[in-house]
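>>> need the 3D shape of this:
(chains A and B)
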Amino acid sequence: MGIRFVVLVNKQGQTRLAQYYCDHMTVSERRALEAEIVRKCLARTDHQCSFVEHRNYKIVYRRYASLFFLVGVDNDENELAILEFIHLLVETLDRHFGNVCELDIMLHLEKAHFILEEMVMNGCIVETNKSSILAPIQLMDKAS
Amino acid sequence: MNPFSSGTRLRDMIRAIRACKTAAEERAVVRKECAAIRAAISENDQDYRHRNLAKLMFIHMLGYPTHFGQMECLKLIASAGFPEKRIGYLGLMLLLDERQEVLMLVTNSLKQDLNHSNQYIVGLALCALGNICSAEMARDLAPEVERLLHGRDPNIKKKAALCSIRIIRKVPDLAENFMGPAASLLKEKHHGVLIAGVQLCTDLCKANTDALEYLRKNCTEGLVRILKDVSNSPYAPEYDIAGITDPFLHIRVLRLMRMLGQEDADSSEYMNDILAQVATKTESNKNVGNAILYECVETIMGIEATSGLRVLAINILGRFLSNRDNNIRYVALNMLMKAITVDAQAVQRHRTTILECVKDSDASIRKRALELVFLLVNDGNVKPLAKELIDYLEVSDQEFKGDLTAKICSIVEKFSQEKLWYIDQMFKVLSLAGNYVKDDVWHALIVVISNAPDLQGYSVRSLYRALQTSYEQESLVRVAVWCIGEYGEMLVNNVGVLEVEEPMTVTESDAVDAVELALKRHSSDMTTRAMSLIALLKLSSRFTPTSERIKEIVTQHKGSVALELQQRSIEFNSIIQRHQNIKWVTDLLVVNNIARHPLKILVVESMHLLLGCWCMCRSSLVERMPVLDEAAYLGKRAGSSQPTLSAEKSSKPTTSAASLKLPNGVAKPPAAPLVDLLDLSSDDAPVLPSAPNDFLNDLLGIGLPNSSSSGAAPSTTTDLLMDLLSIGTSPAQNGPSDSNVVPSSAKAAESKPAPVTAPVMDLLDGLPSNASPPRDENLVYPTITAFESSTLKIAFSFEKQPEKPQVTLISATFTNLSSSTLTNFIFQAAVPKFVQLHLDPASSSTLPANGNGTITQSLRVTNTQHGQKPLAMRVRMAYKFNDEDKLEQGQISNFPPGL
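Here you go, the predicted model:
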């Protein structure tokens, strides 16, 4: 399946977006998991590698300004590809919001989710073409 | 109108939440918002439904419960407009928590939307279904999804393909329906459809072997073509990432190839060329290129590739491993783990680099490297590798030590060819990181030491030496204490010195010192303290001169709040005390044997057995543990995850059952403490299930030679014994109680005095009274030295009856330490107001010189505030010393607690 969750947190460790693709996770479990991985990832320095093993996940993370993108994947997933995927996600958000920042994602949480939804479905990558990803969202923006 | 329902805007709520300075403030804001949303829901507010759901999503993200919003999602999904549906589906995917009844409700809406004319609405429904569907929904909606796979719109096809993955995962039986459509998806041109199709095929291969065969036959060619197209494609701006066209498709195709080519020479051969092309042509100066190379190498390792291709892959790995980017090094280590099954030799070549990675500052890399090293170890290189790792253990981070220690221990255990090496390495680990060593590891070490008689002396000496520097390492202390207890005399007498050892001299009291220090340093750890007490008990019989001191140390724990320690202390104390008396009774027996009175013979016979019990019990207690069955122990460790627990459970019933079946039930009580002792803290050392039986045999074996002088048959003796003591029939005695054996059997004997046994009872009664052992029903307090000066020493011993806890009988013993006699000796005592004191007359008023005699005097003290205030006393002694009147005074405040 590949991707288990995508979590965006800021430097203070506050969750800014969270999407899970695995079953059986209660709210408190998610909260605990987020707290644990945030503590692990945020403590790491720049020159350390971008992969952290936690429980039975591998977390691939990347930092963009004040935002950390944490992607939990299965153990046999290609970590480097996920790193590239994070970058693609950021570029796509960038193209939509125009120089995306933490506040954009907070205030337009549903848009960010829509974009993610067009890229990942049930933990698998659906689409990598930025124009195709954004087409339905732009269409909806125009309509409203 | 409800004052809450107007609500705030989403933006305002987010701002309010962000402005919160504490978690409590945030909770208050969220609570208020949730109340407003609830109110809006109950009023069925149409206008703000959309906004409320957006708020709920935000609140959910923060980790607050939002289940009450689930029904709102369903209402939004059921509405006609696209924006409502959109947010409704999103809410459904986010807020849903496996509540099947809500899912059932949504099935119908989904079905309608899957058949909708608007492609975006169909896409929405597919996406939701793909993310959340349950097995029932999968069965219900699979035909719709299958139909959509055959559609024309690529955006719907790709989502339908991914939706099928979820369906197959939930209901694997449906896989065959999707085999055909999946294969045809690979003929598409649209990248989105291709990547989804490839992923669907990968999942189908995992789901069942039929699908794997089918796809192998029909898709290998197509896959190779896709990979060729995508890697040779000219610049395609919409899919380009750092100069490579759609690396994600590359990677997914390579992954599917790995599944198809696994253990299949034909398809592997077909893939060889394109894999070689990808492996050589892909640029490795960017992350994207490396991602593809990484996947490609993994595929080459996974399929039946040609040896040339394998060499290519191994070379890429080597390049990765020497890369300075930590990410690349990490994946290289990851890959080497997989490569080791294919080409162990090639991986071994990188051993030094991998060992360097174990010492990296990055925890992720260290962990990977350590796991890899673990796989690299073989009989040939275990020694240098273990040395490296143990050396590193000294300087490694605290949080890494746990992992590292576990791995070192398992390497050392797994590959030890000689016991000496194993023991040496384990000692090193114990002294460096004893606190991280798991219980089963040091248990195994003890088993090995007990099985290696020629190394026991060396072990105990090394441990003693290690103990001097590493008292803080818990497991080291435990193993050392155990060994000193078992092999203390080898430590002192330098038995079995190996060539490599440095000579050292340890005296008996040094050994006791070591154990005592362990007892002091690890005052909070029950197991260590209990083990130390046992070790001391054993030492008391090996090092007779120290036995008084050991008794003192053991006595200190009589007041321990931990029941286990208190019990052990009291039991051991009486065992040590009785030690000497046994000899006396044995002597007596010899005398009795000579006088062959018919009745006496019977009596003596049973006495033999009784003593046999006791001697056996005592000697079993203080002698070395029976050698532990190494193979059985290791087998048990490997066999079950909770070995000791299950052994406990299974051994307990069998032991009691065995003793019930045998006529000689009396053997059970001695067996119980033996088991108890073997079993250290009841889950440490393994219990040998056969121990009680063996013990019984031993017991009879010991008892019989003695009784043979009477010529009586063994069976009658044992029966007689059982009758005498009526222990075998009493279930209370057979229970797994850990009560002190001898007092209890003596008690049982006392309570049922058969006429014929009267002399025996006299003898037995004589034994405790001579030895003045603590009776179970009397509370026991240690004797204290109340006062000591250059001329005079006063010792107090205490007695108390349980029914009168306030009253203490003190017998004071006065000893003259000087060289001339004291006359006109008068002892006076004063007590605080809450204590009443009654002084009996002294036995004499003259104290002979040099301790050649004593005066005793009893005091009866009643502490009216018993339990609240401790006893205290002032004393004054007046006497004539060399015809001079002398006066000495003192205060006694070292009364044992509880008086």
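
>>> so which residue of the stretch 151-300 of chain B comes closest to chain A?
Across the stretch 151-300 of chain B, the shortest distance to chain A (C-beta to the nearest C-beta) belongs to B:A291, at 3.5 Å. Bear in mind the C-beta positions are built from the backbone N, C-alpha and C, glycine included.

>>> quick one: contacts for the nearest residue to B:K281 once chain neighbours are set aside?
Of all residues beyond its chain neighbours, the one nearest B:K281 is B:S231 (7.1 Å), with distances taken as C-beta to C-beta, 6 or more residues apart in numbering or on different chains. Residues in contact with B:S231 (C-beta atoms under 8 Å, 6 or more residues apart in numbering or on different chains) are B:T245, B:H250, B:I274, B:Q277, B:V278, B:K281, B:T282.

>>> switch to 10 Å and redo it
For B:S231, the contacting residues are B:244-247, B:249-250, B:253, B:274, B:277-278, B:281-282, B:292, by C-beta atoms under 10 Å, 6 or more residues apart in numbering or on different chains.

>>> and the residue of the stretch 351-500 of chain B that's closest to chain A?
Using C-beta to the nearest C-beta, B:D362 is the residue of the stretch 351-500 of chain B that sits closest to chain A, at 4.3 Å.

>>> that residue: neighbour count?
Residues contacting B:D362 under the criterion other C-beta atoms under 10 Å in any protein chain shown number 20.

>>> hang on, the earlier thing: what pLDDT is listed against the residue of the stretch 151-300 of chain B closest to chain A?
In the predicted model, B:A291 carries a pLDDT score of 92.

>>> return the per-residue confidence for the closest residue to it other than its chain neighbours.
Distances taken as C-beta to C-beta, 6+ apart put A:L80 closest to B:A291, at 3.5 Å, once the chain neighbours are dropped. At A:L80 the predicted local confidence, pLDDT, stands at 92.

>>> ok, B:L763 next?
Model confidence at B:L763, expressed as pLDDT, equals 40.

>>> what do you get for B:V278?
The score at B:V278 is 91. That number is its pLDDT.

>>> I'd guessed it sits against B:I300; true?
Yes - with contacts counted by C-beta atoms under 10 Å, B:V278 reaches B:I300, the gap being 9.5 Å.

>>> and the helices in chain A?
Ranges of helices in chain A, per DSSP state H, are A:27-42, A:79-97, A:102-107, A:109-119, A:130-143.

>>> residues from the stretch 401-550 of chain B in reach of chain A?
Proximity of the stretch 401-550 of chain B to chain A, by C-beta under 10 Å from any C-beta of the partner chain, involves no residues.

>>> ranges for the strands of the stretch 401-550 of chain B?
For the stretch 401-550 of chain B, no strands turn up when DSSP state E, counting those that start in this stretch is the criterion.

>>> how about the contacts made by residue 50?
Going with chain A. A:S50 makes contact with A:41, A:44, A:59-63, A:79-80, A:82-83, A:86, B:287, B:325-327, B:330, B:364 under the criterion C-beta under 10 Å, 6+ apart.

>>> try chain B instead
For B:H50, the contacting residues are A:E110, B:L10, B:E72, B:L76, B:S79, B:G81, B:P83, B:E84, B:R86, B:I87, B:G88, B:G91, by C-beta under 10 Å, 6+ apart.

>>> narrow the residues you listed to those that are buried.
Neighbour counting with 16 or more other C-beta atoms under 10 Å in any protein chain shown marks A:E110, B:L10, B:E72, B:L76, B:E84, B:R86, B:I87, B:G88, B:G91 as buried within the contacts of B:H50.

>>> am I right that the third one is in contact with B:L53?
Same thing as B:E72. Yes - at 5.8 Å, B:E72 counts as touching B:L53 under the criterion of C-beta under 10 Å.

>>> list residues touching both of those two?
Taking C-beta under 10 Å, 6+ apart as the contact criterion, the residues that touch both B:E72 and B:L53 are B:I37, B:I41, B:T66, B:I87, B:G88, B:G91, B:L92, B:L95.

>>> excluding its backbone neighbours, what's nearest the second one?
The reference is to B:I41. In space, B:I41 is closest to B:E72, 5.8 Å off (C-beta to C-beta, 6+ apart).

>>> per-residue pLDDT, the one you found?
B:E72 carries a pLDDT score of 84 in this model.

>>> same deal with the one 5 residues further on?
At B:I77, the model reports a pLDDT of 89.

>>> what does B:D723 give?
So B:D723 comes in at 39 (pLDDT).

>>> the one 3 residues further on now?
The model reports B:S726 with a pLDDT of 38.

>>> burial count for the spatially closest residue to B:N816 that is not a sequence neighbour?
The shortest distance from B:N816 to any residue that is not its chain neighbour, by C-beta to C-beta, 6+ apart, is 4.0 Å, and that residue is B:L847. For B:L847, the count of nearby residues is 26 (other C-beta under 10 Å).

>>> which ones are touching B:L847?
Here B:L847 is in contact with B:791-792, B:814-818, B:820-823, B:825, B:853-855, B:877, B:879, B:881 (C-beta under 10 Å, 6+ apart).

>>> quick revisit: tell me which two of the shared contacts of B:E72 and B:L53 sit farthest apart.
With distances taken as C-beta to C-beta, the most widely separated pair in those is B:I37 and B:L92, at 16.4 Å.

>>> that older thread, need the overlap of contacts for B:V278 and B:I300.
Here B:V278 and B:I300 share the contacting residues B:L254, B:M271, scored by C-beta under 10 Å, 6+ apart.

>>> tell me which of those two has more neighbours.
Between B:V278 and B:I300, B:I300 has the larger neighbour count (other C-beta under 10 Å), namely 30 against 24.

>>> so, low pLDDT: which residues of chain A?
Under the criterion of pLDDT under 70, the regions of chain A flagged as low confidence span A:1, A:23-24.

>>> mind redoing it with 80?
When the per-residue scores of chain A are filtered using pLDDT under 80, the ranges that remain are A:1, A:22-25, A:143-144.
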